[in-house]
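*Asks:* sequence unavailable; structure follows:
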Ligand SMILES: NC(=O)c1ccc[n+]([C@@H]2O[C@H](COP(=O)([O-])OP(=O)(O)OC[C@H]3O[C@@H](n4cnc5c(N)ncnc54)[C@H](OP(=O)(O)O)[C@@H]3O)[C@@H](O)[C@H]2O)c1
């Protein structure tokens, strides 16, 4: 990678940022296409976010990704939003278009990418149990609304957030309200929901249960369990789901997919899928 007066600068805003794989992923893409671009992590504290956003046009930074805790708070600081960002009221990618800042949410595409890559197309519409109602769960729900769905069951610790997500999906006409059910995040309700699900998505930032304590038949053999976490590559939820005889998929493809779309938003060029994937696979053990 050569750096000179013509280098275009991209980056990541978050707090912390040290753990992020985005610099590795995006720089691998830039190098692969021979672009004179570079991507840097910027640790931005919540109280400095507004100053940092204002600095993007001032410093001629071409684009940024956004991670916790800024995905929602950056939303009102931008000039324009994509359809997904407007739905989620959350942004993970910003493009500086001649001083106007447009926010995108590429987690939606990331989850669709995972589904396309890892799931066999089925004739029957899916019944999905979604664990969580935070930012990632919302992106998953928006993405799922493009797939044929029989039923979406949302379970969250804070029931209000799950009900708000269900209402949002129907008010935006993404899914009909009769097809979306909200249940408590407890053993009895989950058992009933999971037994009839063909896909279960774990979109929680930590585990509410020791999954291995749930013995007996919980999941059918044609069910697929997805955990959005990716490092380490397996999780207690996926280990338990596999012990029930189902397929288990981690969130690495979602991370890859969201990065591919961000790359294309940043550069206007087709992302080098395999080279960017290789960079991720070397980093995640
Ligand atoms: N693969 C990818 O590309 C990708 C992308 C985005 C996120 N993720 C992963 O997805 C997960 C969720 O991220 P997020 O951005 O949605 O976070 P978030 O907005 O903070 O949401 C966290 C979710 O976890 C629930 N939760 C947290 N601690 C809990 C506990 N002890 N018991 C029960 N529920 C608990 C929250 O419930 P309440 O609403 O009750 O607080 C909420 O539903 C994280 O592990 C993140 O790393 C992966």
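*Replies:* Sure thing, it's come through. Since this is a predicted model, take the numbers as computed values, not measurements.
*Asks:* where exactly do the helices run in the protein?
*Replies:* With DSSP state H, the ranges of helices along the chain come out as 22-32, 49-59, 83-88, 107-118, 135-144, 159-171, 187-195, 236-243, 252-267, 273-283.
*Asks:* who touches the last one?
*Replies:* It stands for helix 273-283. 21, 24-25, 27-29, 31-32, 252, 255-256, 259-260, 263 (CB atoms under 8 Å, 6 or more residues apart in numbering). No exception for glycine: its C-beta is placed from N, CA and C like everyone else's.
*Asks:* and for the fourth one?
*Replies:* Among residues not part of helix 107-118, those counted as contacts by CB under 8 Å, 6+ apart are 84, 88, 92, 135-136, 139-140, 142-144, 146-147, 224, 226, 249, 251, 253-261.
*Asks:* filter these by proximity to the ligand?
*Replies:* By CB under 6 Å from any ligand atom, the members of the contacts of helix 107-118 lying near the ligand are 135, 136, 251, 254, 255, 258.
*Asks:* can you list those residues in TSV and add pLDDT?
*Replies:* Below are these laid out as TSV (pLDDT from 0 to 100):
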residue	pLDDT
135	91
136	94
251	97
254	97
255	97
258	98
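*Asks:* which of the residues you listed has the most neighbours?
*Replies:* residue 254 (30 neighbours; other CB atoms under 10 Å).
*Asks:* nearest to residue 70, of the helices of the chain?
*Replies:* Checking the helices of the chain against residue 70 by CB to CB gives helix 49-59 as the closest, at 5.5 Å.
*Asks:* surely residue 27 and residue 1 touch.
*Replies:* Yes - using CB atoms under 8 Å, residue 27 is in contact with residue 1, at 7.0 Å.
*Asks:* returning to that earlier point: which of the contacts of helix 107-118 are buried? Put it as a PyMOL command.
*Replies:* The PyMOL command for the buried members of the contacts of helix 107-118 (criterion: 16 or more other CB atoms under 10 Å) is given here:
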select buried, resi 84+88+92+135+136+139+140+142+143+144+147+224+226+249+251+253+254+255+256+257+258+259+260+261
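*Asks:* ok, and the closest non-adjacent residue to residue 279?
*Replies:* Counting by CB to CB, 6 or more residues apart in numbering, the nearest residue to residue 279 once its immediate chain neighbours are dropped is residue 28, at 3.6 Å.
*Asks:* against residue 281, how distant is that neighbour?
*Replies:* As judged by CB to CB, to the nearest Å, residue 28 and residue 281 stand 11 Å apart.
*Asks:* check residue 202 too.
*Replies:* Applying CB to CB to residue 202 and residue 281 gives a distance of 22 Å.
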